[in-house]
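Asker: Turn this into a model:
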Amino acid sequence: MSRPWRRSTHRLAHLLLAVALGAFVYSPLRTEPLAVLAVQAVLFPLLALSGLVMWKGPALRRRYRKRS
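Answerer: I've put the predicted structure just below:
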């Protein structure tokens, strides 16, 4: 997997998760307990993780390559 393709894929996944979170916040689903649980347990952690991968991913990959 090439670096630009990986970066584009991570960016697209992050944007899709952000759109899903925005749709949840501005929709009537925010009053549904199951939807709230899904956002708290799945959507928000994935969004945070994808943001961290985009932010610190290159540094982590460099560090991992140095150790190998």
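
Asker: chain center to the helix or strand of the chain with the lowest mean pLDDT, what's the gap?
Answerer: Lowest by mean pLDDT, DSSP states H and E among the helices and strands of the chain is helix 44-67, with a mean of 89. In terms of Cα atoms, centre = their mean, to the nearest Å, the centre of helix 44-67 is found 11 Å from the chain centre.

Asker: Mind listing what's buried along it?
Answerer: Across helix 44-67, burial judged by 16 or more other Cβ atoms under 10 Å covers 46-47, 50, 53. (C-beta placed from N, C-alpha, C; glycine too.)

Asker: Other residues contacting that helix?
Answerer: For helix 44-67, contacts defined as Cβ atoms under 8 Å, 6 or more residues apart in numbering pick out 7, 10-11, 13-14, 17-18, 21.

Asker: any idea which of those residues has the most stuff around it?
Answerer: Within those, Leu17 tops the neighbour count with 20 neighbours, counted by other Cβ atoms under 10 Å.

Asker: I'd like the next helix or strand past the strand or helix carrying it.
Answerer: Following DSSP states H and E, one finds Leu17 within helix 3-25. Using DSSP H and E, the helix or strand that follows helix 3-25 in sequence is helix 33-38.

Asker: which parts of that next one are buried?
Answerer: Counting neighbours by 16+ other Cβ under 10 Å, one finds that helix 33-38 has no buried residues.
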